[in-house]
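# The following comprises the amino acid sequence and a computationally predicted model.
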Amino acid sequence: MSILASLLVCIVFTVNTISNYLYEIKFNYQIHQNHEEKKKNFKLLQTPAKLTSNSNLVSSASASASEIVTNAYNQTYASLSFCPKEQSLYACMNDIKRSLEDNDNNKPWWFQTMLSHGENQGFPLHGAWHHLDIVNPPLHMCVIEKVGTKKFRELQCKMNGEFETKFPQPCNPEITPIPAEAPKVVFLRDPLERFLSGFLDKCVSSNRQEQSHCGPLHVLKSHSDNQQNMVDHFQDNNNSKKVLFEMFVDVIPLSWDLHFFPQSFYCDGIYRHIPKYDFVGYMGPNFHDDLHKFSQKYDQGSQLTDIVNSIFNVEGNRQQSNTEKHRGIETLASTKVEQYYTPKTLKKVLEYVSIDYVTLNLPIPSWAEKMLLGNEIIQAIV
């Protein structure tokens, strides 16, 4: 079995390399074909002069996590800052994408596919899907995939008197309008942990085959007689888990899914509106403390505190240690980061989610810096 598994790994990596190469050939050909025809129709969005040239962002073995994030953001997401504030994120992404098609550019291929797939997501990413309104107390909530979305939708439905959650549809009130000036609430999560949680939930969990949110799943699937999924084989030990996750990180740009877009893209680009939010909580070691503060702040004689406690078991979890509290709601991703991440995958995912660390002011976790530092020491010794 070990020989077969090794052969399959080699095949997968070969397919991944060829796919990336063919995609870039196709993309560059489209740029060449469309350059003259569309150049007059769209405004060129210039990027800051200090941005780096088209190089491999992850090639520097000595770069710290913060340097990787800053460099990746400057070369990619910084271009979004040129969009007018009154413009929707959907329109902004579309303009940037067309501008890149019209002109020679030095953007990494993963960013170009992210713009293309994000702009094509339509309603799920850019519509009302992630905007939840609560009648009493009046609240506007922005919910983000892999940051307790199902639980927060359950909260909204119960607060609005609909005790059967209409998942995935929100239970937004159809009759009672919520004042525009009602408080705005959002919960965020460490981007590296969230990315891994999405992988564990959508690609590794037992119900993954019933879902369609793991774009590269067909690459990770074997075609044996018993339809044994290759994913199961790679869950035996930490080294195998790292190999599996690395394959996924390499190929996810071929098919970006709703659950792996940066948090900054949700709710019409929350990074642009975060200063207007009245409460910003975090799914981290103090998640249940933040839930407690949230419910206490906005209860106003309603059932908010009781319902929040019943859904999230707030009081019970607040009594546990930080290690026990900070495990994630479904995937326990926070306890598994070192089982799946390697310095290589860490650098790539830091690039993918760099906008979250920069614009949402989220701290880079210490384990990430330590992993890169340890790798730098090993490279120096070797």
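Everything's here; your move.

# Give me the distance between the two termini of stretch 346-360.
End-to-end distance of stretch 346-360 (Cα to Cα, to the nearest Å): 19 Å.

# Could you do stretch 170-181 as well?
For stretch 170-181, the end-to-end distance is 20 Å (Cα to Cα).

# Next: stretch 112-129.
End-to-end span of stretch 112-129 (Cα to Cα): 24 Å.

# pLDDT of that stretch, averaged?
If you average the pLDDT over stretch 112-129, you get 79.

# do stretch 298-318 as well
Rounded mean pLDDT across stretch 298-318 is 93.

# ok, and what's touching that stretch?
With Cβ atoms under 8 Å, 6 or more residues apart in numbering as the test, stretch 298-318 has contacts from 136-137, 139, 148, 151, 154-155, 158-159, 183, 185, 279, 287-289, 291-292, 294-296, 324-325. (Glycine included, C-beta is placed from N, CA and C.)

# which of those are buried?
136-137, 139, 148, 151, 154-155, 158-159, 183, 185, 279, 287-289, 291-292, 294-295, 325 (16 or more other Cβ atoms under 10 Å).

# can you pull up the bridge partners for Arg189?
Met283 (DSSP bridges).

# Please report how far it lies from Gly198.
Using Cβ to Cβ, to the nearest Å, one gets 10 Å for the distance from Arg189 to Gly198.

# shared neighbours, those two?
Shared contacts of Arg189 and Gly198 (Cβ under 8 Å, 6+ apart): Lys146.

# So, low pLDDT: which residues of the stretch 1-150 of the chain?
1-62, 121-123 (pLDDT under 70).

# all strands for it, in order.
131-134, 139-142 (DSSP state E, counting those that start in this stretch).

# Inside helices: which ones of the buried ones among the contacts of stretch 298-318?
Here DSSP state H is the test, and the buried ones among the contacts of stretch 298-318 give 151, 154-155, 158-159, 287-289, 291-292, 294-295, 325 as lying in helices.

# May I ask which two of these are separated the most?
Met159 and Lys325 (23.9 Å; Cβ to Cβ).

# Could you tell me how far Val69 is located from Lys348?
12 Å.

# got the residue ranges for the helices in the stretch 251-382 of the chain?
With DSSP state H, counting those that start in this stretch, the ranges of helices along the stretch 251-382 of the chain come out as 266-273, 287-298, 304-312, 314-318, 322-325, 337-340, 343-352, 354-359, 366-381.

# Least reliable of those helices by average pLDDT, please.
Least confident of the helices of the stretch 251-382 of the chain, judged by mean pLDDT, is helix 322-325 with a mean of 53.

# Tell me how many other residues crowd Tyr340.
23 (other Cβ atoms under 10 Å).

# contacting residues around it?
With Cβ under 8 Å, 6+ apart, Tyr340 has these contacts: 196, 199, 241-242, 244-245.

# With the flanking residues excluded, which residue is spatially nearest to Cys280?
Actually, residue 280 is Val rather than Cys. Val186 (5.8 Å; Cβ to Cβ, 6 or more residues apart in numbering).

# quick one: pLDDT of the one you found?
98.

# In this structure it contacts His273, no?
No - judged on Cβ atoms under 8 Å, Val186 makes no contact with His273 at a distance of 9.2 Å.

# Can you mark which positions in stretch 266-280 are buried?
266-272, 274, 277, 279-280.

# Dump those to CSV, plus distance to Glu174.
Output for the buried residues of stretch 266-280, formatted as CSV (distance: Cβ to Cβ, whole Å):
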residue, distance to Glu174
Tyr266, 23
Cys267, 21
Asp268, 22
Gly269, 27
Ile270, 25
Tyr271, 30
Arg272, 28
Ile274, 28
Tyr277, 25
Phe279, 25
Val280, 28
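
# where does the stretch 151-300 of the chain dip in pLDDT?
If you take pLDDT under 70 as the line, the stretch 151-300 of the chain has these spans: 163-169, 175, 205-213, 215-238.

# again, only this time at 80
162-170, 172-176, 205-239 (pLDDT under 80).

# isn't Ile96 right next to Cys83, touching?
Yes - Ile96 is within contact range of Cys83, at 7.5 Å (criterion: Cβ under 8 Å).

# quick one, which of those two is more surrounded?
Using other Cβ under 10 Å, the more surrounded residue of Ile96 and Cys83 is Ile96, with 24 against 18.

# which ones are touching the more buried one?
Per Cβ under 8 Å, 6+ apart, neighbours of Ile96: 45, 79-80, 83, 115.

# Now with 10 Å, please.
42, 45, 76-77, 79-80, 82-83, 105, 107, 111-112, 115, 119 (Cβ atoms under 10 Å, 6 or more residues apart in numbering).

# ditto for Lys348
With Cβ under 10 Å, 6+ apart, Lys348 has these contacts: 57-58, 68, 72, 110, 246, 249-250, 252-253, 341-342.

# Counting neighbours, which of those comes out on top?
Top of the contacts of Lys348 by neighbour count (other Cβ under 10 Å): Ala72, with 27 neighbours.

# separation between that one and Lys158?
For Ala72, the distance to Lys158 - Cβ to Cβ - is 40 Å.

# Then Val314?
From Val314 to Lys158 the distance is 15 Å (Cβ to Cβ).

# And the strands in the stretch 151-300 of the chain, which stretches?
Using DSSP E, counting those that start in this stretch, strands in the stretch 151-300 of the chain cover 184-189, 279-283.

# Would you mind finding the most buried of those?
When you average the neighbours per residue for each of those (mean count of other Cβ atoms under 10 Å), strand 184-189 leads with a mean of 23.
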